[in-house]
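Q: how would this look folded up:
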Amino acid sequence: MEAVYLTKEEYKKLEKDIHQLKFVERPKVVQSIATAREHGDLKENAEYTAAKEKQVMLEQKIGRLELIQARTRIIDRKEMDASKAHVGSKVTLLNLNTEETMKCILASTADLDIYDMDVISLGSPVGKAILGKSVGDVIELENAVGKLQFKILEIL
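A: Numbers count the residues shown, from 1 in each chain. Below you'll find the predicted structure:
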């Protein structure tokens, strides 16, 4: 199973999100199911059905986040070369095709809701192209629409 690389702060946010889901959201859903049960026939009880569906989605999200938590490797960005893009780097890119700038974070997985900016997965073509590059480097990618070019303006 592929490792997920997070900074200590990101890992703490993940733990906080899991705690919120398990100890705040889960009891609310259980209570809404109990309340809906009191309204009678469960076969025709839309409130009960909706609450059960919400419970299933909540449990799936908890399971997904706990799986990510189990695969997490904590990274210390102080130990990495700050001049090069790596997992956890916050990168500012200039799209040379549109002249628009974009701030993003390079992440080992893009399926987390813990980031405060756009996420580029290291598994994506853009993520692979950025990895190991420095400020000033230009990245070129081919896609179905044509050639994309990005210049790295900043790495934090």
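
Q: From the contact counts, what lies against the strand or helix carrying residue 66?
A: Under the criterion of DSSP states H and E, residue 66 resides in helix 46-71. Counting contacts by 3 or more C-beta pairs under 8 Å, 6 or more residues apart in numbering; DSSP states H and E, helix 46-71 packs against helix 8-20, helix 26-37. Every C-beta, even on glycine, is put in place using the N, C-alpha and C of the backbone.

Q: Report the angle between the longest one and helix 46-71.
A: So the one you mean is helix 8-20. 150 degrees (axes from the mean of the first three to the mean of the last three C-alpha atoms, to 10 degrees).

Q: Report the angle between helix 8-20 and helix 26-37.
A: 20 degrees.

Q: what's helix 8-20 packed up against?
A: helix 46-71, strand 72-75.

Q: if we can go back for a sec, pLDDT (mean, whole number) over the helix holding residue 66?
A: Averaging pLDDT along helix 46-71 yields 94.

Q: now it, how far from the chain's geometric center?
A: The chain centre lies 17 Å from the centre of helix 46-71; the measure is C-alpha atoms, centre = their mean, to the nearest Å.

Q: which strand is the longest one in this protein?
A: Of all the segments of type strand in the chain, defined by DSSP state E, the longest one is strand 146-155.

Q: Tell me where the model's unsure across the chain.
A: 1, 109-116 (pLDDT under 70).

Q: picking up where we left off before, so which of the helices and strands packed on helix 46-71 is nearest residue 61?
A: Between residue 61 and the helices and strands packed on helix 46-71, the shortest gap by C-beta to C-beta is with helix 8-20, which sits at 9.1 Å.

Q: doesn't residue 103 fall inside a strand?
A: Yes: counting by DSSP: H, G, I helix; E, B strand; the rest coil, residue 103 falls inside a strand.

Q: who does it bridge with?
A: residue 92 (DSSP bridges).

Q: That one contacts residue 92, correct?
A: Yes: with contacts counted by C-beta atoms under 8 Å, residue 103 reaches residue 92, the gap being 5.1 Å.

Q: Isn't residue 76 up against residue 8?
A: Yes: counting by C-beta under 8 Å, residue 8 is a contact partner of residue 76 at 7.5 Å.

Q: what about residue 40, which helix or strand?
A: Judged by DSSP H and E, residue 40 forms part of no helix or strand.
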